[in-house]
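Visitor: Build me a model:
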Amino acid sequence: RGGGTGRRLTPETVNKSEVERLIQLFDTLVAESGSRFAAAGLSRSTFRDALYSAFGMTDDMIMDRVFHTFDRDNDNCISVVEWVEGLSVFLRGTLEERIKYCFEVYDLNGDGYISREEMFQMLKNSLLKQPSEEDPDEGIKDLVDIALKKMDYDHDGKLSFTDFEKAVRDEILLLEAFGPCLPDIKVHP
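Guide: Numbers count the residues shown, from 1 in each chain. Okay, the predicted model is just below:
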């Protein structure tokens with residue numbers, strides 16, 4: 001993941017009263033959790049509960065990746081600053097911020113690429129299994145091939161951030177190509 005992003009809150013993302021409301025929500029979640037992490041912030045389970053109740057997220061793998069993306073200092077706890085900064089991108093981020101966020105969610109091992117294997121894992125996890133399919137993995141491999149053909153501009157068999165960004169800028173629907181990791185609201189470029 002490589003340290004902080006230098007991300008700053010700007011007036012376009014969230015305003016002062018919204019920041020105050022996000023902090024109040026954070027305090028409420030911490031208080032309700034009664035967790036031993038409460039002094040430091042939100043535990044993984046409290047954060048996942050919030051993603052589920054507020055944004056309807058149900059995918060365990062995606063929620064885990066969103067947690068890792070919010071948890072900038074990698075201490076397994078979401079601080080109030082990480083909460084506000086993460087939600088500002090999650091809810092109101094620019095297209096560029098959302099591209100970076102989605103890429104980070106999908107880059108499972110943090111090496112700066114979305115590999116064929118990572119695509120396979122994400123798609124296998126997020127697609128509903130069809131009971132009639134003999135080998136659902138074959139269909140997923142086909143989807144990975146299609147994604148690589150469409151998005152891998154330098155033809156190295158994996159997606160760099162540059163590949164991913166170019167693909168999304170060409171076709172906004174590819175932003176969440178490997179699983180739903182943003183709230184269910186319209187994305188405007």
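
Visitor: Buried by neighbour count: which residues of the longest helix along the chain qualify?
Guide: For the chain, the helix that runs over the most residues, judged by DSSP state H, is helix 16-33. Buried residues in helix 16-33, counted by 16 or more other Cβ atoms under 10 Å: 18, 22, 26, 29-30, 33. Just so you know, the C-beta spots here come from the backbone N, C-alpha and C atoms, and that holds for glycine as well.

Visitor: likewise stretch 171-184?
Guide: 174-179, 181-182.

Visitor: could you dump those to CSV with pLDDT, distance to residue 123 and secondary structure?
Guide: Converted to CSV, those look like this (pLDDT from 0 to 100; distance: Cβ to Cβ, whole Å; DSSP: H, G, I helix; E, B strand; the rest coil):
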residue, pLDDT, distance to residue 123, secondary structure
174, 96, 13, helix
175, 96, 15, helix
176, 94, 12, helix
177, 94, 9, coil
178, 94, 6, coil
179, 91, 7, coil
181, 93, 13, coil
182, 92, 17, coil
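
Visitor: TSV for those, including distance to residue 162?
Guide: Shown next, in TSV, are the buried residues of stretch 171-184 (distance: Cβ to Cβ, whole Å):
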residue	distance to residue 162
174	14
175	15
176	19
177	16
178	17
179	21
181	20
182	21
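
Visitor: coming back round to it: looking at the buried residues of helix 16-33, which two lie furthest apart in space?
Guide: Within those, 18 and 33 form the most distant pair, 22.4 Å apart (Cβ to Cβ).

Visitor: Run through the residues that contact residue 106.
Guide: 65, 114, 118-119, 122, 164, 178-179, 181 (Cβ atoms under 8 Å, 6 or more residues apart in numbering).

Visitor: Ranking helices and strands of this protein by mean pLDDT, which lands last?
Guide: helix 16-33 (a mean of 88; mean pLDDT, DSSP states H and E).
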